[in-house]
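**Student:** the amino acid sequence is not available; the structure is as follows:
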């Protein structure tokens, strides 16, 4: 059952990530399903590790860092190593190798809150886990 739950949550995250990218950029790439699934799994682990005791704002900061790290590592593989050029932030301020940039880390912060909450509610609705509750600060 654990593997099924993880596959379902990974797929939900991958589809959501691709949908957001389609709305934001007008196109996506199949690798974004994998990156999105990974990011959603990482965000979901925050409450699995820290429980609901960690204030949501701190979860969002941690989430933005986790997504930025996942995006950097994925970008190094997908864009720099494989040369698929799925994204390039080199024209944006405060970028690192064109794979991550400070403005997108800010967007990941804003998106992390809804993603964390969605993961918690999916776990509650679909898998009968603990009812989500949060402290903002």
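**Tutor:** Received the coordinates, thanks. This is a predicted model, so every value here is computed, not measured.

**Student:** next, count neighbours for residue 85.
**Tutor:** Around residue 85 there are 11 other residues, counting by other CB atoms under 10 Å. Quick note: C-beta positions are derived from backbone N, CA and C, even for glycine.

**Student:** residue closest to the middle of the protein?
**Tutor:** Against the mean C-alpha coordinate of the chain, by CA atoms, centre = their mean, the closest residue is residue 39 at 3.2 Å.

**Student:** pull the distance from the helix ranked longest in the chain to the chain's centre.
**Tutor:** Secondary structure of the chain per DSSP state H: the longest helix is helix 102-127. Relative to its chain's centre, helix 102-127 lies at 7 Å (CA atoms, centre = their mean, to the nearest Å).

**Student:** repeat that for stretch 47-55.
**Tutor:** Relative to the centre of its chain, stretch 47-55 is centred 17 Å away, using CA atoms, centre = their mean.

**Student:** same check, this time on stretch 18-36
**Tutor:** 12 Å.
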